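Asks: attaching a predicted model along with its sequence, questions to come.
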Protein chains: 2
Amino acid sequence: MKTSTLQDVARVAKVSTATVSRTLSNPDVVSESTRRRVSEAVKVTGYRINRAARNLRTQRAHSVLVLLPNLANPFFATILEGISRHLSQLGYSMLIASTKQVHDSGERLIDYLDDARADGMIILDGGLAPEVVEMLAAAPQAKRILFACEWVDGASFPSVRCQNRQGARVAVSHLYELGHRKIAHLTGPEGNVLMHTRMDAFVLEMAARDLELKPEWIIPGDFSLSAGCHAAKAWVAMQDRPTAVFCASDQLAMGFIAELSRRDVKVPDDVSVMGFDDIELAEQFIPPLTSIRQDRLLIGETAAKMLMERIVSPDVEHSSSAAVLPVSLVTRESTAPLVAAQTE
Amino acid sequence: MKTSTLQDVARVAKVSTATVSRTLSNPDVVSESTRRRVSEAVKVTGYRINRAARNLRTQRAHSVLVLLPNLANPFFATILEGISRHLSQLGYSMLIASTKQVHDSGERLIDYLDDARADGMIILDGGLAPEVVEMLAAAPQAKRILFACEWVDGASFPSVRCQNRQGARVAVSHLYELGHRKIAHLTGPEGNVLMHTRMDAFVLEMAARDLELKPEWIIPGDFSLSAGCHAAKAWVAMQDRPTAVFCASDQLAMGFIAELSRRDVKVPDDVSVMGFDDIELAEQFIPPLTSIRQDRLLIGETAAKMLMERIVSPDVEHSSSAAVLPVSLVTRESTAPLVAAQTE
DNA sequence: AGCGCTCTTGCAATCGATTACATATTTTCT
DNA sequence: AGAAAATATGTAATCGATTGCAAGAGCGCT
């Protein structure tokens, strides 16, 4: 009933435990005949390696911690899927925790790396407290930490991100080509790197095209549906209304459109709206949402890949410290050419 | 730079490693004075326990595997949050894998329990292949497996679920009280336990109220948005249209409403629609969705709690083998009283 | 035959914590 | 005072796999 150990296999195969271990982890060094005997013995005994023992001996946890701001945000699910896919290929497991929870429990993040629970860490939260970031950066394990999606300006951790600036540029360009000249931007939360990056690129692109940009056309939000609703009220109240709104997230766009439709403002007839992220729901929304697509599966896989490279060979110099993944415009029905009626 | 071990602490505190270990895990048995000396030494050395070593010695992984059908489904996020919350309180970690991925990688589920990677397993997927279920049930570790949300009929694993039948009854009752007599049910995927349970309870409740139920009013679906869209087409095509539709999930309801609105059918004016689950989005949807609420955080916490009890004391008889959590009706704007126009 | 080489294999130490058992010390009770 | 009980601490085995080192076997070459 008890699971069998290397010793059991060794006994059955009539070899030493060393030989069994080698057969399993490095088959080339053992002879053909013992290899067969051992394989047979493994089958007979139903041997499964004991990971706790291996982890202790090899000083590896064979798992990676993924840290999210908030587990309940569907945006992260596909990224996790990508991470998990790559990790399990390499025999690694994925541990999940939320920054909030870790913080509340009084645990220090670095402990996960310190106490042999995880070999590395993928952080999807750029909003860590500065003292936490500093502590991580100073730790000897800092090389096994990687940021994905979000990042911390000034810190030197490797990261995976999408072309946020390019996304904002493409968005403006798309709306411009539809004839829009008065374009607003509904932003993410103050202090968030993505919010700043996207807003910054938006402002620059507007300027590059010589488009007027009234201060009130930068509407502060926070990526959430309800912020989108609030923004809709602000938009309605403007005397000089933009004819198109570029939202920093799909959720914002959905909230914005939902509130407008409650007030009988039609999208895209009365105003064009686009989002960012291209979450699953964007396609099903009414109207289907024009958005900037991020390949979240690829983000996850790339993050896992980069991190694992650094874990497996900590000493080699790793080329790129930031992978920037492409975004693309997905045109759907929430944006439309400017019509005369709107400009009146 | 190397992390310090029990030995280091023992040396500094001038006691044996045994004493240090006791001080940390069972402080009551050591004297006040050594306790202080050890605590001091722990602080000085910056000691962190090595979990791999402890896991090996105690034969515990101090982690639990959570198995989902699909990581990308936002429905599970809150449940995970609940599980993780409870686990981390007890110093346990949460490992995540998707059934599909495990299957594709050729790994056997039971291996996670066998090889000291996890002490227990919470399965959120009732659709496991029968041979997999059988294998799990036959394993000596079967007592450390628990199902949540979904379950497998006939298998004897403990489980956590919500009052699915009660939910269906409350739904019919709600629509009935609004005056509806012709009520359709849009189901989940064929073969899914939730689908069958909810449909079954729906049919019984309709019969109990002596309401007519045409076969075509049971519309097959699969919990997804797009199935909802298809169902809407079916509804439009009916000669004798139900005035209310009870959907087996919120996503179904949203897809259903979205497609109707494309065809200028108004909800709730022309037809009342309600969902099941009360996902975050239900409230933001247009119109805000009437639904049957499941407390997903509680489901997660309860599942973790029940499983941990069984892991910590495997020998005591555990009272309830199935926790059934309450559901509640959340009335919003997608359901309305029947009006004369609809009956024509 | 004897030497050196390669290829296999075994011995035994090791990773770092836990804990049964033994021992030393103090307290309690008659 | 002396025995018994209670308390505190140390000794050393143990969990199960990995791996440096040494040794044996087999081979070719001079």
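Replies: Alright, I've got the coordinates.

Asks: ok, A:P158 - contacts?
Replies: Contact analysis of A:P158 by CB atoms under 8 Å, 6 or more residues apart in numbering or on different chains lists A:146-147, A:306-307, A:310, A:318, A:320-322. For every residue, glycine as well, the C-beta is placed using N, CA and C.

Asks: one more pass at 6 Å, please.
Replies: A:146, A:321 (CB atoms under 6 Å, 6 or more residues apart in numbering or on different chains).

Asks: what do you get for A:R144?
Replies: Shown in contact with A:R144 (CB under 6 Å, 6+ apart): A:120, A:311.

Asks: and stretch A:247-267, what's buried?
Replies: Neighbour-count burial for stretch A:247-267, counted by 16 or more other CB atoms under 10 Å in any protein chain shown, picks out A:247-261, A:265, A:267.

Asks: give me the mean pLDDT for that stretch.
Replies: Stretch A:247-267 comes out with an average pLDDT of 93.

Asks: okay, now A:G191: neighbour count?
Replies: 10 (other CB atoms under 10 Å in any protein chain shown).

Asks: show the backbone phi and psi for the closest residue to it other than its chain neighbours.
Replies: Nearest residue to A:G191 in three dimensions, chain neighbours excluded: A:G127, at 6.9 Å (CB to CB, 6 or more residues apart in numbering or on different chains). Per-residue torsions, A:G127: phi -100, psi 20 (degrees, to the nearest 10).

Asks: number of nearby residues for A:G127?
Replies: 13.

Asks: not counting its neighbours along the chain, what's nearest A:V38?
Replies: A:T23 (4.3 Å).

Asks: hmm, A:V29 and that neighbour touching each other?
Replies: No: here A:T23 lies out of contact with A:V29, judged by CB atoms under 6 Å, at a distance of 8.7 Å.

Asks: and chain A, what are its domains?
Replies: The record assigns chain A these domain ranges, following automatic domain parsing: A:6-49, A:61-162+A:296-326, A:164-294+A:329-343.

Asks: please enumerate the strands of the stretch 51-200 of chain A.
Replies: Secondary structure of the stretch 51-200 of chain A (DSSP state E, counting those that start in this stretch): strands at A:63-68, A:93-98, A:120-123, A:145-148, A:159-162, A:183-186.

Asks: the first one and chain B in contact?
Replies: Read that as strand A:63-68. No: applying CB under 6 Å from any CB of the partner chain, one finds strand A:63-68 out of contact with chain B, separated by at least 7.5 Å.

Asks: any idea of the mean pLDDT in that strand?
Replies: Averaging pLDDT along strand A:63-68 gives 96.

Asks: what's in contact with it?
Replies: Contacts for strand A:63-68 (CB under 6 Å, 6+ apart): A:76, A:87, A:92-99, A:112, A:118, A:120-124.

Asks: mind listing what A:M121 touches?
Replies: Residues in contact with A:M121 (CB under 6 Å, 6+ apart) are A:65, A:145.

Asks: bridged to it, which residues?
Replies: For A:M121, the beta-bridge partners under DSSP bridges are A:L65, A:I145.

Asks: what's the pLDDT at it?
Replies: A:M121 is assigned 97 on the pLDDT scale.

Asks: need the domains of chain A in CSV (columns: distance to DNA strand C).
Replies: Below are the domains of chain A laid out as CSV (distance: least, CB to the nearest atom of the strand, whole Å):
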stretch, distance to DNA strand C
domain A:6-49, 3
domain A:61-162+A:296-326, 8
domain A:164-294+A:329-343, 37
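
Asks: mind putting those into JSON lines with distance to B:E131?
Replies: Below are the domains of chain A laid out as JSON lines (distance: least, CB to CB, whole Å):
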{"stretch": "domain A:6-49", "distance to B:E131": "17"}
{"stretch": "domain A:61-162+A:296-326", "distance to B:E131": "21"}
{"stretch": "domain A:164-294+A:329-343", "distance to B:E131": "32"}
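
Asks: DNA strand D is nearest to which of the ones you listed?
Replies: Closest approach to DNA strand D among those (CB to the nearest atom of the strand): domain A:6-49, 3.0 Å.

Asks: mean confidence (pLDDT) on that closest one, please.
Replies: For domain A:6-49, mean pLDDT rounds to 95.

Asks: do that domain and DNA strand D meet at all?
Replies: Yes: counting by CB under 7 Å from any atom of the strand, DNA strand D is contacted by domain A:6-49 at A:6-7, A:17-18, A:21-22, A:24-25, A:47, A:49.

Asks: for A:N192, give its distance to A:Q101.
Replies: From A:N192 across to A:Q101, the span is 20 Å (CB to CB, to the nearest Å).

Asks: that older thread, okay, A:T23 and A:V29: which has more neighbours?
Replies: Between A:T23 and A:V29, counted using other CB under 10 Å, the more crowded position is A:T23 (24 against 10).

Asks: moving along the chain from whichever strand or helix holds that one, name the first helix or strand you hit.
Replies: When elements are assigned from DSSP states H and E, A:T23 belongs to helix A:17-25. Downstream of helix A:17-25, the first helix or strand assigned by DSSP H and E is helix A:32-45.

Asks: and A:L109, backbone torsions?
Replies: According to degrees, to the nearest 10, A:L109 has phi -60, psi -40.

Asks: pull the number of nearby residues for it.
Replies: When neighbours are counted by other CB under 10 Å, A:L109 registers 22.

Asks: ok, A:K43 next?
Replies: 11.

Asks: now it: how far from A:K182?
Replies: From A:K43 to A:K182 the distance is 72 Å (CB to CB).

Asks: with A:M206 instead?
Replies: Noted for A:M206: a distance of 10 Å to A:K182, by CB to CB.

Asks: same question, A:M238
Replies: Distance of A:M238 to A:K182, computed by CB to CB: 10 Å.

Asks: which one of the two is surrounded by more residues?
Replies: A:K182 (20 against 13).

Asks: check which helix or strand covers the residue lying closest to that one once chain neighbours are set aside.
Replies: Closest residue in space to A:K182, ignoring its immediate chain neighbours: A:P242 at 4.4 Å, by CB to CB, 6+ apart. Per DSSP H and E: A:P242 is located in neither a helix nor a strand.
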